[in-house]
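Q: fold the following.
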Amino acid sequence: MLSLFSAPEDLIPGCHPKAPPPSILVNDEEEYKVEEILDSRIFWRELQFKVKWKEYGIKDISWEPQANCTKGNSRHLSHLSS
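A: Numbering: from 1, shown residues only. Okay, here's the model as predicted:
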């Protein structure tokens, strides 16, 4: 007969990923800090940016419409949007 056992919570001790930082509230809207703009594209006639978020892992890289990219991140966007 086989018996089942629970896997340990920490398979590799000390290798839990850090929790991502909380968002920042600006004018009652959540905002996140951009580490780097990796690429840009036109998708369904809309300019989008591939964003690496500050203090987040590579699995959290996302394509964001230009409208979501605020003026606070303009130093990252200036060379891509012209």
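Q: next secondary structure after the biggest strand by length in the chain?
A: Determined from DSSP state E, the single longest strand within the chain is strand 34-43. Per DSSP states H and E, the first helix or strand lying C-terminal to strand 34-43 is strand 46-53.
Q: run through the neighbouring helices and strands of that following strand.
A: Contact analysis of strand 46-53 by 3 or more C-beta pairs under 8 Å, 6 or more residues apart in numbering; DSSP states H and E lists strand 34-43, strand 62-65 as its packing neighbours. Yep, even glycine has a C-beta here, placed from its N, CA and C like the rest.
Q: got the buried residues for that strand?
A: Of the residues in strand 46-53, 48-49, 51-53 count as buried by neighbour count, 16 or more other C-beta atoms under 10 Å.
Q: strands paired with the longest strand of the chain, and their directions?
A: Its sheet considered, strand 34-43 pairs with strand 46-53 (antiparallel) by DSSP bridges.
Q: can I get the strand it pairs with in CSV? Just the C-alpha atoms.
A: Taking Å, rounded to 0.1, in the frame of the first residue of the first chain, the C-alpha atoms of strand 46-53 are listed here in CSV:
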residue,chain,number,x,y,z
GLU,A,46,-1.8,51.2,-30.4
LEU,A,47,1.7,51.9,-29.3
GLN,A,48,2.8,49.5,-26.5
PHE,A,49,6.0,49.2,-24.4
LYS,A,50,7.5,46.1,-23.0
VAL,A,51,8.2,47.1,-19.3
LYS,A,52,10.6,45.7,-16.7
TRP,A,53,9.2,46.8,-13.4
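Q: and the contacts of it?
A: The contact list for strand 46-53 (C-beta atoms under 8 Å, 6 or more residues apart in numbering) reads 20, 32-42, 58, 60-66, 69, 77, 80-81.
Q: average pLDDT across the longest strand of the chain?
A: Across strand 34-43, the average pLDDT comes to 93.
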